[in-house]
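Asker: The amino acid sequence is not available; the structure is as follows:
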């Protein structure tokens, strides 16, 4: 993803109305433009402008069916942003968590073994 594409994604996500549109499309894939516009206290034209920004960023795709335009959320641009900044850290922390898991399991196994075979502290 080039920097201009990434800028478009951040610009699209910066507006609460556009984030709400994405939430609507996540919960109602294939919603017609009119149904989405009906959920806002703004004109249909204003909603269409927000949709244009979302489409330019690749966050919304549409398909014509008859006289309606059906809208769908496309998470790929957000995934690319996520991967750019978090993947290398996720790998590091996943490795660290795995190490902690193995150490905890080894300690629990050791303690369980000790509990089953208590050492005799009495001298004969």
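Answerer: That came in fine, so what should we check first? Just so it is clear, the model here is predicted, and its values are computed rather than measured.
Asker: Would you mind giving the domain segments of the protein?
Answerer: 3-74, 86-115 (automatic domain parsing).
Asker: Can you give me the distance of residue 21 to residue 62?
Answerer: Distance, residue 21 to residue 62, by C-beta to C-beta, to the nearest Å: 12 Å. In short, each C-beta sits where N, CA and C put it, glycine included.
Asker: Run the chain-centre distance for the top helix by length along the chain.
Answerer: If you go by DSSP state H, the chain has its longest helix at helix 76-116. Centre-to-centre, helix 76-116 and its host chain are 20 Å apart (C-alpha atoms, centre = their mean, to the nearest Å).
Asker: can you tell me the average pLDDT over that helix?
Answerer: Across helix 76-116, the average pLDDT comes to 82.
Asker: got it, and stretch 39-50?
Answerer: 97.
Asker: how far out from the middle of the chain is the helix or strand hosting residue 8?
Answerer: Following DSSP states H and E, one finds residue 8 within helix 3-13. Remark: helix 3-13 is offset 16 Å from the chain centroid, using C-alpha atoms, centre = their mean.
Asker: Check stretch 17-32 too.
Answerer: That offset, for stretch 17-32, works out to 15 Å (C-alpha atoms, centre = their mean).
Asker: Show me what counts as buried in it.
Answerer: 18, 21, 22, 24, 25, 31, 32 (16 or more other C-beta atoms under 10 Å).
Asker: if I pick the last one, what's in contact with it?
Answerer: Just to be clear, that refers to residue 32. Residues near residue 32 by C-beta atoms under 8 Å, 6 or more residues apart in numbering: 68, 69, 70, 71.
Asker: Check the secondary structure at the second one for me.
Answerer: In the three-state summary, residue 69 is assigned as strand, counting by DSSP: H, G, I helix; E, B strand; the rest coil.
Asker: What's opposite it in the beta bridge?
Answerer: In this entry, residue 69 is beta-bridged to residue 64, by DSSP bridges.
Asker: Number of residues surrounding it?
Answerer: Counted with other C-beta atoms under 10 Å, the neighbours of residue 69 add up to 16.
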